[in-house]
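> Sequence plus the predicted model coming up.
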Amino acid sequence: MTPDKRLDQLEPLVADVLQKVDRLIEGQGKLVELVTGTHELATNANELATNANQIATNAHELATNSYELATNSHELATNSYELATNSHELATNAYTLAVDVHALATDNNKVVTDLAAEVKQVKRTGEITANGLATLTNVVQTGFTDIHQQMSDVRQQVSDVRQQVSDVRQQMSDIHQQMFDVKSGQNLILRLLQEKLP
């Protein structure tokens, strides 16, 4: 066999081997690209998992803040109800005080009227009996005792009303603070939502 013939036989074999080597190299390149793409996918998946974890953390914070806001709103409603109740009691006590003062004035007028009638009787008859004097003394003494007791009761009621007014003012101050806390909580939740959600 001549060297040219041998070359002619080897040439297709070499071409076939070179073609197969070329395909292997091309396949290796595709494998490298696939591995590189897989690494990028893994990196992106890791970033997504990190972002999902951050979103879950933010959602938990939001839920916690929402719960605190709901709790503060409930406390605010409870305190508002107590304030309304105390205001009603205050109005009732003020009315009772006015009624008692009116009753005191009525009793005082009765004592004065009774005394005036006794004095008029003495002036008319010019005499005072022992029984009339005893009655007059009892009326005056009872009147003064009643007046003194009623004045003491009125002073106590005024003191109670003042204390209730002070309590209502304190409750109003507490409610204003709670309203501020609720608004602060709402602002915090809105800020978190704006920062964390796309």
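Yep, that arrived.

> in the chain, which segments are predicted with low confidence?
Residues of the chain that meet the criterion pLDDT under 70 lie in 1, 3-7, 118-119, 121-133, 136, 198.

> Helices of the protein, start to end?
Taking DSSP state H, the helices of the chain run over residues 3-125, 130-196.

> can you put those helices in TSV and add mean neighbour count?
Glycine gets a C-beta too; all of them are placed from N, C-alpha and C. What follows is the helices of the chain, written out as TSV (neighbours: other CB atoms under 10 Å):
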stretch	mean neighbour count
helix 3-125	12
helix 130-196	13
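
> I'd say Asn93 and Gln157 touch.
Yes: the pair Asn93 / Gln157 is scored as a contact, 6.6 Å apart, by CB atoms under 8 Å.

> mind listing what Glu68 touches?
Contacts for Glu68 were tallied using CB atoms under 8 Å, 6 or more residues apart in numbering; they are Gly185.

> ok, 10 Å please
Asp181, Val182, Gly185, Leu188, Ile189 (CB atoms under 10 Å, 6 or more residues apart in numbering).

> just Arg191 next, same as before
In this structure, Arg191 makes contact with no residue, judged by CB under 10 Å, 6+ apart.

> any idea how far Asn44 is from Ala103?
When CB to CB, to the nearest Å is the yardstick, Ala103 and Asn44 sit 87 Å from each other.
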